[in-house]
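In: using only what follows, build the 3D model:
(chains A and B)
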Amino acid sequence: MLAIAINGALLSSLYALIALGFTMIYGVGRVLNLAHAGYVMVAGYIYYFTWQEMGLSMGLSMFIAIAASAGLALATYTGLVRRYLNNPTVVYVSTFILALVMDYLIVVFFHTETINVWPVVVGVTKVFGYSVSNNMIASLIVSWVCIVGLMLFVRRTHLGRAMRALAMDRKGAIVSGINPDRVNLMTWAISGALAGVAGIFFGSYTYLIPEMWHMPLVMSFAIVVIGGLGSIEGTIIGAHIVGYMQTTTQLAIDERLRGVFALAIMIVMLIFRPKGLFGK
Amino acid sequence: MVSKYKGNELTVINWMASIKSFRWWIIAIAVMFVLPFFVPSNILRTCIMANFMVIFAISWDMMSGYTGYVSFGHPFLIGIAGYVTAMLSRQGGFQPEHIVLPLYATVPLGIAAAVGGGMLFFMPSMRTRGPYFSLVSLAFLMILDRIMIADPGGMTGGDRGLSSLPYMISGVAPNYWLSLGLMFAIAIGLWLVTKSDVGHVLKAIHMDEDVVESSGLSTYRFKRFAFILSALTAGIGGAFYVHYLGSISPRGAFSYTFLLNIIISTVIGGMGTIIGPIFGGYFITFIVETLRPFLEGAWRFLTYSLVAIAIVYFQPRGFVGIAQDISAWFRVKRRGGIQYDQAT
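Out: Have a look, this model is predicted:
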């Protein structure tokens, strides 16, 4: 039971980080970025490579990994998406192909074997008689710091308000002097960085494998649908529903069926309440 | 599909289109038909794969290219058809009470399962719009993949799938003609449909669904019609493909690379054209086969994914769009520059 509670809390917070970026991009730009989970994978591999292969310090390699995934998100926006913001079909197709390009690049450079990443923080702590690795506790804390930071950012700062304004009413926001392109750029950079943070901890929570982006991609779909596309609170709650669902399935029922129940909830949700829990 | 609108019935099949460009289809069929007498069998095998890829791509085009509902779940339909016919027709099954049926019974059952399963699962999600549909179609694909791997009741062979299935016919050339016949029958049939009024309505749904809805047409019924045709095509392709290969596995049928091939074939050929996927499917299959000796696995996929991204980025209408641009350029050139009509 405790194992499910703790593992579920961590997985949920990591999924929340990924899905928040995904939903923010949709809220501001009205496009879905299917390459989003690819940044998670790329950040994980870059972190592994710079830290364990090149021997840089841990902090520096974290910085490089996060900067790389933010840069990749910016490159996706300026290179592929900006020209077709009003043609979602092209955006879905091209970002999906981009995700597979990243997958093949990883296969080319790192092959398909699983890679174990050193934990960020070593050691084990006893929590109610169940030993939890310090690494998991650290990931949990860091991802919650990121989530709360993001919520404060969106509520309190000027740029955050501009993002919300664009999500509410695009034309009204433009009329009141918001430059949608600049806000879009910032949103993509932030969501890329969040995916980078998630990638670093995802690698050390499980392991690195070129298929690791499939699950987060589909799960962030499910989270966003359950919580309501474009809503931050909904995304966090959806992430916990999906995360606990998946952990329970994995630890208590059958490892091979992981994800199936979360997706089933998502489909029921789509049929009975297509807007999600908090969608407008 | 009959939909009354101001007393006029919308045509479903446009026979006039067939008369106008009949000769092009005849030439294409004739050239492709005599191919086995001239080319070696290894190229012919690639052509068979290309024919099946074209069928899948046309199926995707019928739904996603026309109505703009981007489906990432097409392997779901193909996989259902393939698995149903594979499970029913497998000789000497792993359990004694396993039912073995002849192919002429199992293939129609597989196709029916694809249409029925698609109706049951996909149709509710087609009431949702835009991104939601894409998401839920991918979710269905993942669920089916997981269930097939989990191997309920020892029926699906789990991770390794089912193999040593009976073949439809033997020999390279007969298989080629079979796949070619299927491909052209489907392509011409759907092409005639899309040239009709219904085809125009589907294109209009892609442009602005609300406008179509407010002009008194039930968009849901049109989408359902496009979806049934698409599922039927995917089912036919899937069932015959499984009995051509003689095996089916989750890794082959539900991998993202297979999905990518289907989508890329359509997109670089030209979405919403039916003709485009024919060129796109052949192009993709031959590029994959031609690069095989030079580049290993991932490099090959990487190369053609980048080519595909470039084509999508610079000309989202694909080969058909490029051809239209070139012919427009020649027309302007022949007339000696752009001539504007006199405003009256």
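In: buried set for the longest helix that chain B contains?
Out: Secondary structure of chain B per DSSP state H: the longest helix is helix B:219-245. Neighbour counts using 16 or more other CB atoms under 10 Å in any protein chain shown place B:219, B:222-245 of helix B:219-245 among the buried residues. No exception for glycine: its C-beta is placed from N, CA and C like everyone else's.
In: which SSE is immediately downstream of that helix?
Out: helix B:250-253 (DSSP states H and E).
In: and stretch A:17-33, C-alpha only, in PDB?
Out: Extracted in PDB, the C-alpha atoms of stretch A:17-33 (Å, rounded to 0.1, in the frame of the first residue of the first chain):
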ATOM      1  CA  LEU A  17       5.200  18.500 -15.100                       C
ATOM      2  CA  ILE A  18       5.000  17.000 -18.600                       C
ATOM      3  CA  ALA A  19       1.300  17.600 -19.000                       C
ATOM      4  CA  LEU A  20       1.500  21.200 -17.700                       C
ATOM      5  CA  GLY A  21       3.800  22.100 -20.600                       C
ATOM      6  CA  PHE A  22       1.600  20.300 -23.000                       C
ATOM      7  CA  THR A  23      -1.600  22.000 -21.800                       C
ATOM      8  CA  MET A  24       0.000  25.500 -21.600                       C
ATOM      9  CA  ILE A  25       1.100  25.200 -25.300                       C
ATOM     10  CA  TYR A  26      -2.500  24.300 -26.200                       C
ATOM     11  CA  GLY A  27      -3.900  27.100 -24.100                       C
ATOM     12  CA  VAL A  28      -1.800  29.900 -25.600                       C
ATOM     13  CA  GLY A  29      -1.300  28.700 -29.200                       C
ATOM     14  CA  ARG A  30      -4.300  26.400 -29.800                       C
ATOM     15  CA  VAL A  31      -2.000  23.700 -31.200                       C
ATOM     16  CA  LEU A  32      -0.900  20.300 -29.700                       C
ATOM     17  CA  ASN A  33       2.700  19.600 -29.600                       C
END
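In: do whichever strand or helix holds A:S61 and chain B meet?
Out: A:S61 is located in helix A:58-76, with elements delineated by DSSP H and E. No: using CB under 8 Å from any CB of the partner chain, helix A:58-76 stays clear of chain B, coming no nearer than 10.8 Å.
In: tell me the helix or strand right after that helix.
Out: Toward the C-terminus from helix A:58-76 - assigned by DSSP H and E - lies helix A:88-110.
In: tell me the average confidence for that following helix?
Out: Mean pLDDT, computed over helix A:88-110, is 89.
In: after that helix, which helix or strand is next?
Out: strand A:124-127.
In: what helices or strands is that following strand leaning on?
Out: For strand A:124-127, the elements it packs on are strand A:130-133, helix A:134-156, judged by 3 or more CB pairs under 8 Å, 6 or more residues apart in numbering or on different chains; DSSP states H and E.
In: switch these over to a markdown table; also include mean neighbour count and mean pLDDT.
Out: As requested, the helices and strands packed on strand A:124-127 are exported to a markdown table (neighbours: other CB atoms under 10 Å in any protein chain shown; pLDDT from 0 to 100):
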| stretch | mean neighbour count | mean pLDDT |
| --- | --- | --- |
| strand A:130-133 | 14 | 80 |
| helix A:134-156 | 16 | 91 |
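In: can I get those in CSV including distance to chain B?
Out: Below are these laid out as CSV (distance: least, CB to the nearest CB, whole Å):
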stretch, distance to chain B
strand A:130-133, 28
helix A:134-156, 21
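In: between those, which one is nearest to B:I268?
Out: Comparing those against B:I268 with CB to CB, the closest turns out to be helix A:134-156 (38.2 Å).
In: the helix or strand following that closest one: how far from the chain's middle?
Out: The helix or strand immediately downstream of helix A:134-156 is helix A:158-168, counting by DSSP H and E. Between the centre of helix A:158-168 and the centre of its chain there are 20 Å (CA atoms, centre = their mean, to the nearest Å).
In: now do helix A:158-168 against helix A:134-156, angle only.
Out: Between the axes of helix A:158-168 and helix A:134-156, defined by axes from the mean of the first three to the mean of the last three CA atoms, to 10 degrees, the angle is 80 degrees.
In: what's helix A:158-168 packed up against?
Out: Using 3+ CB pairs under 8 Å, 6+ apart, helix A:158-168 is in contact with helix A:2-29, helix A:134-156, helix A:170-175, helix A:180-205.
In: CA atoms of that helix as CSV?
Out: Only the C-alpha atoms of helix A:158-168 are listed here, as CSV (Å, rounded to 0.1, in the frame of the first residue of the first chain):
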residue,chain,number,x,y,z
HIS,A,158,3.0,40.2,-16.2
LEU,A,159,3.9,37.5,-18.7
GLY,A,160,1.8,34.9,-16.9
ARG,A,161,-1.2,37.2,-17.1
ALA,A,162,-0.5,37.7,-20.8
MET,A,163,-0.5,33.9,-21.2
ARG,A,164,-3.9,33.6,-19.5
ALA,A,165,-5.3,36.5,-21.5
LEU,A,166,-4.3,34.8,-24.7
ALA,A,167,-5.8,31.6,-23.6
MET,A,168,-9.1,33.3,-22.7
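In: which residues are in contact with that helix?
Out: Helix A:158-168 is contacted by residues A:24, A:27-28, A:153-154, A:172-173, A:176, A:178, A:180, A:183, A:186-187, A:230 when judged by CB atoms under 8 Å, 6 or more residues apart in numbering or on different chains.
In: mark which of these are buried, thanks.
Out: A:24, A:27-28, A:154, A:173, A:178, A:180, A:183, A:186-187, A:230.
In: give me the element B:I13 is part of.
Out: Following DSSP H and E, one finds B:I13 outside all helices and strands.
In: so it sits against B:V193, correct?
Out: Yes: using CB atoms under 8 Å, B:I13 is in contact with B:V193, at 5.8 Å.
In: those two: which is more packed in?
Out: Shown here are B:I13 and B:V193; by other CB atoms under 10 Å in any protein chain shown, B:V193 has more neighbours (23 against 17).
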